[in-house]
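[1] What follows is a predicted structure for the sequence shown.
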Amino acid sequence: MEPVAESRRVARLAATIPGVGSGRGDGGRGVGQNFRPVERDQAYLLPPSLRDWLPADDLAWFVLDVVDQLDLRPIYARYRADGWGAPAFEPALMTALLLYAYATGERSSRAIEARCRRDIAYRVIAANQVPDHATIARFRADHEQVLEHLFSDVLRLCAEAGLGRLGIVALDGTKIAANAALDANRTAPQVEAEIRAILAEAAATDAAEDAALGPGRLGDELPAALADRRSRLVRLEEARHRLDATTAARQAEYDAHLARRAETEAATGKGLTGRKPKPPGGPPPKANLSDPDSRIMKGARGYLQGYNGQAAVAADGLIVAADLTQQPADAGQLLPLLELTSANLQRRIGTLVADAGYWSEANLAALPPDGPEVLIPPTSGANTRLHVPPPRGRIPHGLSRRARMARRLATRSGAARYRRRATIVEPVFGQIKEVRRVRRFQRRGFTACRAEWLLVCTTHNLLKLWRKRLRSGSPGRP
C-alpha cells in the first residue's frame, strides 16, 4: 500500500478512538474514562408512562391527590353541560396547576405556560397538555371566589392530619406591594390637569382630522383614550371621584367630632379640656392610577404602594386565618381576624398574641367574653406612666385595661407566651416572601389581590401538610 493511502487510513482509524487523533471522540479527556452515553436522538427520551417521570413522594402527585378531595362543583357549574363548543381544559387540572405553581413560587401565567412545556412536574400535572397563559389568567380571574374558599378546605385536611397546635396563635400583618408604582399617585389638582390635557388633545386631534378629511369621514371618531372604557381618562375620572369622596369623609368626621363635643359640653354645662380637634388639613389625599384600590403604606424597607396582608398562625406554623386589607395600620384587624379564626376552626384557641400595632382600648373592650386570652403590649401613652403593681397576688381593683395588660405581660407566664410570637408568625412571612418570592401581587384591584393572598396562604398550608406526610412516611393521599 502506498505511504499516502496508509497514512490516511491510520488517521481515519485514530479519529474513531476516544482521546486519539483529532480528539473529537471525548474532547481529549482520556481513553479509560467510563461515561454514560449521551444519546439525544433516541426515540423515547422520557418513559412513556407519566407515573415513571416523578418519584411517588413528589409534591406534584400530592397536589393531584388533594385536588381530588376538594369541592370543585361551583367551578364545574360555570361550564356548559350540553357538550357544545370547543373543549375546555379540565377544571381539576387547572386548579391543580395553579396550586402547584403557587406552592413552588410561580405566579406568572406566562411562566406557568412555559413550565408546562419544559418542566416535568408541570407536564405531569397538565397531563402533557399546555394551557396558554391567557387561559390560565382567565381561569384564575373567573373562579377567584371559589379559589378563595379552597383555604378552608385545605385547612380542614390539615386539621384531620393533626396540624394546628392552638395553644398559642400569633397574629401579624405584612405589607405586600401592589402591581403599581408610587409615582402613579396623583392629587386632585394633578388629576384635573391630566383630564384637561387629555380632553384638549382629543379636541385638537378631532379638529385636525376634520380639517384634513372633512366631517362625517372615518377620521372623526373618538380617540382610543376616550373610546376605551379602560383608558387613562376613565381611570382619571374615577380617581377624581375617589379623591372627592376622601375629602368629604375627612370633613364629615371633623364635623361629627365637633358635634359630639358640643353635645357633651351642653349636657354637662362645662367646657371640655384638652386639645380641640384640628380641621381637615395636612397632605392632600392621593389616588393611584395603576391600581386605584392600593394604598401608600410604610413597610420594613420604606414606603410602598400596596396592601396589608393579615395572617393568624398556629404554633406549628399553620395559617388558621388570613385576609387582606387596604388599611396601613393593624389595629382595626384584631377583631375581624379573631372572628375569622373562630369561624375556620372547630376548636378553641388558648392565647392570641399580637404586637403593639394591634393595641387599642376599643379592641380590648370589644373582645368576646368567651374568647381566648389576648396578649398585646400597650402602646405608649399617659396611662403607661401610672404605677403598675408587681405581678404577684391578686389583681388590684380599679386598674385600667392598659395597666391590666401591662401587668399580665410582666408575669413569667405572660412574658414567656408573648416571646413565642416572633418565632411563630415571622418565619411564615419569611417563607412566603423570601422562599416563594411573593413580594408583589401579580394582579390589580382589591378583590383580585385578596384572592391571590388567600391562594398564597392556602398553598403555604398545603406545603405544611405535604411535609408532614413526608416525615410520617406516608406521602400518599391525605
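    Sure thing, it's come through.
[2] Count the residues that sit near Gly357.
    A count of neighbours around Gly357, defined by other Cβ atoms under 10 Å, yields 18. From N, CA and C alone the C-beta is placed, and that goes for glycine too.
[3] right, and Gly116 touches Asp132 too?
    Not Gly; residue 116 is Cys. No. Shown here, Cys116 and Asp132 do not form a contact pair, counting by Cβ atoms under 8 Å, at 9.2 Å.
[4] Pick out whichever of the two has more residues nearby.
    Neighbours were counted for Cys116 and for Asp132 using other Cβ under 10 Å; Cys116 has more, 21 against 14.
[5] Against which helices or strands is the helix or strand hosting the more buried one packed?
    Using DSSP states H and E, Cys116 sits within helix 109-118. Packing partners of helix 109-118 (3 or more Cβ pairs under 8 Å, 6 or more residues apart in numbering; DSSP states H and E): helix 91-103, helix 120-125, helix 133-142.
[6] helices or strands up against the last one?
    Translated: helix 133-142. helix 91-103, helix 109-118.
[7] Now do the contacts for His143.
    Listed by Cβ atoms under 8 Å, 6 or more residues apart in numbering, the contact partners of His143 are Pro74, Ile75, Arg78, Pro91.
[8] highest average neighbour count across the helices and strands packed on helix 109-118?
    helix 91-103 (a mean of 23; mean count of other Cβ atoms under 10 Å).
[9] Let me see the residues that make contact with it.
    Residues from elsewhere that reach helix 91-103 (Cβ under 8 Å, 6+ apart): 59-60, 63-64, 66-68, 70, 72, 75-76, 79, 107, 112, 115-116, 121-122, 125-127, 129, 131, 135-136, 139-140, 143, 147, 150, 436, 455-456, 458-459, 462-463.
[10] repeat for stretch 344-353
    So stretch 344-353 is in contact with 152, 155, 159, 164, 166-171, 312, 320-321, 338, 341, 371-376, 417-418, 420-421, 424, going by Cβ under 8 Å, 6+ apart.
[11] and that stretch, C-alpha only, in CSV?
    Output in CSV follows, covering the C-alpha atoms of stretch 344-353 (Å, rounded to 0.1, in the frame of the first residue of the first chain):
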residue,chain,number,x,y,z
ASN,A,344,-62.4,28.5,60.4
LEU,A,345,-61.7,26.3,63.5
GLN,A,346,-63.9,23.9,65.4
ARG,A,347,-61.6,24.1,68.5
ARG,A,348,-60.9,26.8,71.0
ILE,A,349,-57.5,28.6,70.9
GLY,A,350,-55.7,29.2,74.1
THR,A,351,-53.9,32.5,73.8
LEU,A,352,-53.8,35.1,71.0
VAL,A,353,-50.6,37.1,70.8
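[12] What mean pLDDT does it get?
    Averaged over stretch 344-353, pLDDT sits at 90.
[13] Same check on stretch 41-55?
    So the average pLDDT for stretch 41-55 ends up being 74.
[14] That one: end-to-end distance?
    25 Å (Cα to Cα, to the nearest Å).
[15] Please tell me I have it right and Gln305 contacts Lys286.
    No. Using Cβ under 8 Å as the test, Gln305 is too far from Lys286 to be in contact (10.0 Å).
[16] higher neighbour count, those two?
    Gln305 (22 against 19).
[17] hang on, the earlier thing: shared neighbours of Gln305 and Lys286, anything?
    Taking Cβ under 8 Å, 6+ apart as the criterion, Gln305 and Lys286 both touch Asn185, Ile296.
[18] Make a PyMOL selection of whichever of the contacts of His143 turn out to be buried.
    The following PyMOL line selects those of the contacts of His143 that are buried, judged by 16 or more other Cβ atoms under 10 Å:
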select buried, resi 75+91
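[19] out of the contacts of His143, which one sits closest to Ala177?
    Nearest to Ala177 among the contacts of His143 is Ile75, at 29.3 Å by Cβ to Cβ.
[20] quick revisit: can I get the helices and strands packed on helix 133-142 in JSON lines with distance to Gly398 and mean pLDDT?
    Putting the helices and strands packed on helix 133-142 into JSON lines (distance: least, Cβ to Cβ, whole Å; pLDDT from 0 to 100) gives the following:
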{"stretch": "helix 91-103", "distance to Gly398": "52", "mean pLDDT": "96"}
{"stretch": "helix 109-118", "distance to Gly398": "61", "mean pLDDT": "95"}
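[21] Show me the one of the ones you listed that comes nearest Gly299.
    helix 91-103 (22.0 Å).
[22] Export only the CA atoms of the closest one, formatted as CSV.
    The C-alpha trace of helix 91-103 is given here as CSV (Å, rounded to 0.1, in the frame of the first residue of the first chain):
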residue,chain,number,x,y,z
PRO,A,91,-61.2,22.4,35.9
ALA,A,92,-59.4,19.9,38.3
LEU,A,93,-56.3,20.0,36.1
MET,A,94,-56.3,23.9,36.1
THR,A,95,-56.9,24.0,39.8
ALA,A,96,-54.0,21.6,40.5
LEU,A,97,-51.8,23.6,38.1
LEU,A,98,-52.5,26.8,40.0
LEU,A,99,-52.0,25.2,43.4
TYR,A,100,-48.7,23.6,42.4
ALA,A,101,-47.4,26.8,40.7
TYR,A,102,-48.2,29.0,43.7
ALA,A,103,-46.7,26.4,46.1
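[23] picking up where we left off before, from the contacts of stretch 344-353, which would you call buried?
    For those, a burial check counting by 16+ other Cβ under 10 Å picks out 155, 159, 164, 166, 168-171, 312, 320-321, 338, 341, 372, 374-376, 417-418, 420-421, 424.
[24] before we move on, what SS does Arg107 have?
    Assigned by DSSP: H, G, I helix; E, B strand; the rest coil, the conformation of Arg107 is coil.
[25] so what's it closest to, chain neighbours aside?
    Spatial nearest neighbour of Arg107, chain neighbours left out: Gln442 (4.9 Å); criterion: Cβ to Cβ, 6 or more residues apart in numbering.
[26] which SSE is that neighbour in?
    Using DSSP H and E, Gln442 sits within no helix or strand.
[27] Contacts only, for Gln310.
    Counted by Cβ under 8 Å, 6+ apart, Gln310 has contacts Leu171, Asp172, Gly173, Ala321, Ala322, Asp323, Leu324, Thr325, Asp330, Gln333, Leu337.
[28] Pull out the buried residues from these.
    Those of the contacts of Gln310 that meet the buried threshold are Leu171, Asp172, Gly173, Ala321, Ala322, Asp323, Leu324, Thr325, Asp330, Gln333, Leu337, by 16+ other Cβ under 10 Å.
[29] so of these, which ones are in helices?
    Leu337 (DSSP state H).
[30] Quick one: the buried ones among the contacts of Gln310 as JSON lines, columns for distance to Ser400 too.
    Below are the buried ones among the contacts of Gln310 laid out as JSON lines (distance: Cβ to Cβ, whole Å):
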{"residue": "Leu171", "distance to Ser400": "23"}
{"residue": "Asp172", "distance to Ser400": "25"}
{"residue": "Gly173", "distance to Ser400": "26"}
{"residue": "Ala321", "distance to Ser400": "29"}
{"residue": "Ala322", "distance to Ser400": "33"}
{"residue": "Asp323", "distance to Ser400": "30"}
{"residue": "Leu324", "distance to Ser400": "33"}
{"residue": "Thr325", "distance to Ser400": "28"}
{"residue": "Asp330", "distance to Ser400": "22"}
{"residue": "Gln333", "distance to Ser400": "23"}
{"residue": "Leu337", "distance to Ser400": "25"}
